[in-house]
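>>> fold the following for me, if possible:
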Amino acid sequence: MKLPVQEPPRLYRQIAEQLREWVRASGFKVGTRLPAERELALQWGVSRSSLREAVIALEVEGAIEVRMGSGIYVTETALTAPINPDHRDVRDWGPLEVMQARELIECEMAALAAAHAKRSDLRAMAKALMQMKKDAGRNEVPKQGDEAFHMAIAKACGNSVLLDTLQGYWQSRNGVIFERLSDYFESPDAWQAAIAEHETIYQALCEHKASAAKRAMKHHLEQTHKRYNAHWRSV
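Model prediction:
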């Protein structure tokens with residue numbers, strides 16, 4: 001009989017529970033404004049990325065309220081709801097950690113795809129890019145085309161393990177924390193910039209230039225990370 005393996009909670013989940021316990025222990029009242037994100041990160045000795053994910057996790061659970069341009073406020077739920085970290089889904093990856101992981105593998109995938117992409121692969125990328133432009137033109141989040149573009153690159157690599165790995169990363173985007181993060185930091189301007197970055201990647205792939213494709217993908221993912229980790233206006 002195999003004993004169940006208990007995975008440790010994600011870092012941002014640990015920070016979220018510690019922050020919740022600190023709010024209660026400090027005697028904060030409902031409606032109290034918490035210190036700014038930068039101050040909290042320094043206080044806990046963590047990155048602002050991890051702190052931001054923890055804050056959003058607590059917001060999703062109703063334990064705090066984020067008011068853009070104002071700050072982070074304590075809710076009644078933070079003070080009264082039972083603390084039970086065991087019910088958290090330990091498979092729920094942190095969005096910014098996923099982006100860091102994507103940067104590690106997708107740059108190499110772009111280089112590999114440049115060497116192996118067939119015409120059918122390039123057509124799939126072009127179709128996905130066109131879908132992104134159409135959705136953005138309708139002021140809709142071009143999530144479907146974005147995913148299709150990156151998955152077409154993974155498919156062009158001809159490696160099923162890489163394809164499955166990237167699928168796992170993209171599935172995490174359906175989580176509530178990722179979606180809430182997107183609500184805050186995705187914008188029409190951000191998506192126009194992302195589309196332009198995709199076009200640069202696509203051009204390098206069409207020309208089968210591995211180094212150029214790798215550089216373009218690295219630039220795109222770095223910029224994506226910056227967009228999601230931008231200054232959060234007084235929060």
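
>>> from now on I want contacts and neighbour counts done on CA atoms only, so please keep to that.
Fine.

>>> which helix or strand lies directly C-terminal to the helix or strand of the chain with the lowest mean pLDDT?
Ranking every helix and strand in the chain by mean pLDDT, DSSP states H and E puts helix 76-80 at the bottom, with a mean of 76. Using DSSP states H and E, the helix or strand that follows helix 76-80 in sequence is helix 95-116.

>>> how far off centre is the helix or strand following that following helix?
Next helix or strand after helix 95-116 toward the C-terminus (DSSP H and E): helix 119-137. Helix 119-137 has its C-alpha centroid displaced from the chain centroid by 22 Å (CA atoms, centre = their mean, to the nearest Å).

>>> what's the angle from helix 119-137 to helix 95-116?
140 degrees (axes from the mean of the first three to the mean of the last three CA atoms, to 10 degrees).

>>> I'd like the mean pLDDT over helix 119-137, please.
Averaging pLDDT along helix 119-137 yields 97.

>>> buried stuff in it?
For helix 119-137, burial by neighbour count (16 or more other CA atoms under 10 Å) applies to 121-122, 124-133, 136.

>>> turn the residues you listed into TSV, including distance to residue 158.
Converted to TSV, the buried residues of helix 119-137 look like this (distance: CA to CA, whole Å):
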residue	distance to residue 158
121	11
122	14
124	15
125	15
126	18
127	19
128	19
129	21
130	23
131	24
132	24
133	27
136	30
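
>>> farthest-apart pair in the residues you listed, please.
121 and 136 (22.8 Å; CA to CA).

>>> from the buried residues of helix 119-137, pick the one nearest residue 56.
Out of the buried residues of helix 119-137, the member with the shortest distance to residue 56 (by CA to CA) is residue 136, at 25.7 Å.

>>> show me where the chain has its helices.
11-25, 37-44, 48-60, 76-80, 95-116, 119-137, 143-156, 160-171, 176-185, 188-206, 210-228 (DSSP state H).

>>> pick out the shakiest of these, pLDDT-wise.
Minimum mean pLDDT among those: helix 76-80, a mean of 76.

>>> by contact count, what packs against that helix?
When contacts are defined as 3 or more CA pairs under 8 Å, 6 or more residues apart in numbering; DSSP states H and E, helix 76-80 packs onto helix 11-25.

>>> how far is the helix it packs on from where the chain is centred?
21 Å.

>>> now for the residue nearest the centre of the chain: which residues touch it?
What sits nearest the mean C-alpha location of the chain, by CA atoms, centre = their mean, is residue 95, with 3.1 Å. Contact analysis of residue 95 by CA atoms under 8 Å, 6 or more residues apart in numbering lists 53, 172-173, 177-178.

>>> try residue 147
So residue 147 contacts residue 170 (CA under 8 Å, 6+ apart).

>>> again, but for residue 53
12, 94-96, 177 are the contacts of residue 53 under CA under 8 Å, 6+ apart.
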